[in-house]
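*Asks:* structure for this input, please:
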Amino acid sequence: MSTPTLQTPPRDQVPAYDASPRKALRRGERTLAGSLTSHGILTVASLVALFPIVWLVYLSLGPDKDDYLHPGNILGKMTLDNYAFVLQHTPFFDWMKSTLLVSLGTTVIGVLVAATTGYAVSRMRFPGYRKFMWVLLVTQMFPVAVLMVPMYEILSELQLIDNYFGLILVYCSTAVPYCAWLLKGYFDTIPFEIDEAGRVDGLSPFGTFARLILPLAKPGLAVAAFYSFITAFGEVAFASTFMLSDTKYTFAVGLQSFVSEHDAQRNLMAATAVLVAIPVSAFFYLVQKNLVAGLTAGGTKG
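*Replies:* Next up, the predicted model:
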């Protein structure tokens, strides 16, 4: 009986063994190619987002109203005369006062009404509370052209035409339904046990809402405030219809004064648009730290 012999392959045919084990990627980690791809996409997206702003600032530095037709010529004659003209020879500061009054008024009243509405629907089970929220949503379906005439008649009866408070009420009718939906969903994420703890400590329902719930809802309130502010800040149709005095125009309506049937001062419009963006940027800077939700989870642990 013969025993089988094992034949070893030649040394040059033996597959090399990689002694270094491959490092497994942890969750959230990317390969070099993946990182480069994601950073490239983000860079392109950032450039696309910044280009209109940079272009607007560039056009605002051109001294002539037709420089937008030949933007290459602006580079050799940049000037700040457009900004000086807007600040000194136009009712810019009247427009700013009107815009800030209307925008901040809409923000305060709109967020207050939306917060109480959202909290009531989130915590109280009254007859028709579901239908009530759907009615608020349906109000967003009507276009501005349909609402213009009845709102004008209502404000005329109340003698609120060419009045800041009347325009604030009109903007609240647009901002409150959306903000109420937004805050209702945010209040639903706050445990009901916090309300019960407040009542055990002797707080009234409004005290519980003001002292316990609102501090936890800062991210939702910040988003609602930002939406209300932007809604009133950039709206044109209602402001141009209900505000009749030149000194009561908002920024959005004031920009239209630079464009007429036979002339368009686009250099002044660009300079005004850059100045208009400053209050919005400042407001966003104040609320941006609360735009990311997360305070609720930290406040309910314990």
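
*Asks:* is the nearest residue to Leu183 once chain neighbours are set aside within a helix or a strand, and which one?
*Replies:* Computed as CB to CB, 6 or more residues apart in numbering, the closest residue to Leu183 that is not its neighbour in sequence is Gly118, at 3.4 Å. (Each C-beta comes from the backbone N, C-alpha and C, glycine too.) Using DSSP states H and E, Gly118 sits within helix 92-123.

*Asks:* tell me what that helix is packed against?
*Replies:* helix 129-138, helix 164-188, helix 218-233, helix 251-254, helix 266-287 (3 or more CB pairs under 8 Å, 6 or more residues apart in numbering; DSSP states H and E).

*Asks:* and for Tyr227, the neighbour number?
*Replies:* Tyr227 is flanked by 19 other residues according to other CB atoms under 10 Å.

*Asks:* what sits closest to Ser240 if chain neighbours are left out?
*Replies:* Counting by CB to CB, 6+ apart, Ser240 lies nearest to Val253, which is 4.8 Å off, once chain neighbours are set aside.

*Asks:* now Thr174
*Replies:* Thr174 sits nearest to Thr231 (CB to CB, 6+ apart), 5.9 Å away.

*Asks:* looks like that neighbour contacts Tyr171 (just checking).
*Replies:* Yes. Using CB atoms under 8 Å, Thr231 is in contact with Tyr171, at 6.0 Å.

*Asks:* between the two, who's got more neighbours?
*Replies:* Tyr171 (25 against 19).

*Asks:* distance of the more buried one from Gly76?
*Replies:* In this structure, Tyr171 and Gly76 are 44 Å apart, going by CB to CB, to the nearest Å.

*Asks:* same check on Ile194?
*Replies:* On the measure of CB to CB, Ile194 and Gly76 end up 64 Å apart.

*Asks:* show me which of those two is the more surrounded one.
*Replies:* Neighbours were tallied for Ile194 and for Gly76 using other CB under 10 Å; the higher tally belongs to Ile194 (15 against 6).

*Asks:* am I right that the more buried one is in contact with Leu214?
*Replies:* No. Using CB under 8 Å, Ile194 is not in contact with Leu214; the gap is 11.4 Å.

*Asks:* just to revisit the earlier point, could you export the helices and strands packed on helix 92-123 as TSV, including mean pLDDT and distance to Ser98?
*Replies:* What follows is the helices and strands packed on helix 92-123, written out as TSV (pLDDT from 0 to 100; distance: least, CB to CB, whole Å):
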stretch	mean pLDDT	distance to Ser98
helix 129-138	81	28
helix 164-188	90	7
helix 218-233	88	11
helix 251-254	87	8
helix 266-287	84	12
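
*Asks:* in JSON lines: the ones you listed, plus distance to Ile109.
*Replies:* JSON lines is the format used below for these (distance: least, CB to CB, whole Å):
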{"stretch": "helix 129-138", "distance to Ile109": "16"}
{"stretch": "helix 164-188", "distance to Ile109": "6"}
{"stretch": "helix 218-233", "distance to Ile109": "9"}
{"stretch": "helix 251-254", "distance to Ile109": "20"}
{"stretch": "helix 266-287", "distance to Ile109": "16"}
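
*Asks:* residue contacts, the residue nearest to Leu183?
*Replies:* The neighbours of Gly118, taking CB atoms under 8 Å, 6 or more residues apart in numbering as the test, are 179-187.

*Asks:* SS state for Tyr58?
*Replies:* Per DSSP: H, G, I helix; E, B strand; the rest coil, the local secondary structure of Tyr58 is helix.

*Asks:* all numbers from here: first residue = 29
*Replies:* Shifting the count to begin at 29 puts that one at Tyr86.

*Asks:* distance of it from Ser309?
*Replies:* Applying CB to CB to Tyr86 and Ser309 gives a distance of 18 Å.

*Asks:* quick one: pLDDT of Ile137?
*Replies:* pLDDT for Ile137: 95.

*Asks:* isn't it right up against Cys200?
*Replies:* Yes. Using CB under 8 Å, Ile137 is in contact with Cys200, at 5.6 Å.

*Asks:* low-confidence ranges in this structure?
*Replies:* Scanning the chain for pLDDT under 70 picks out 29-57, 289, 318-330.

*Asks:* buried residues in the host helix or strand of Val76?
*Replies:* Using DSSP H and E, Val76 maps to helix 60-88. Across helix 60-88, burial judged by 16 or more other CB atoms under 10 Å covers 86-88.
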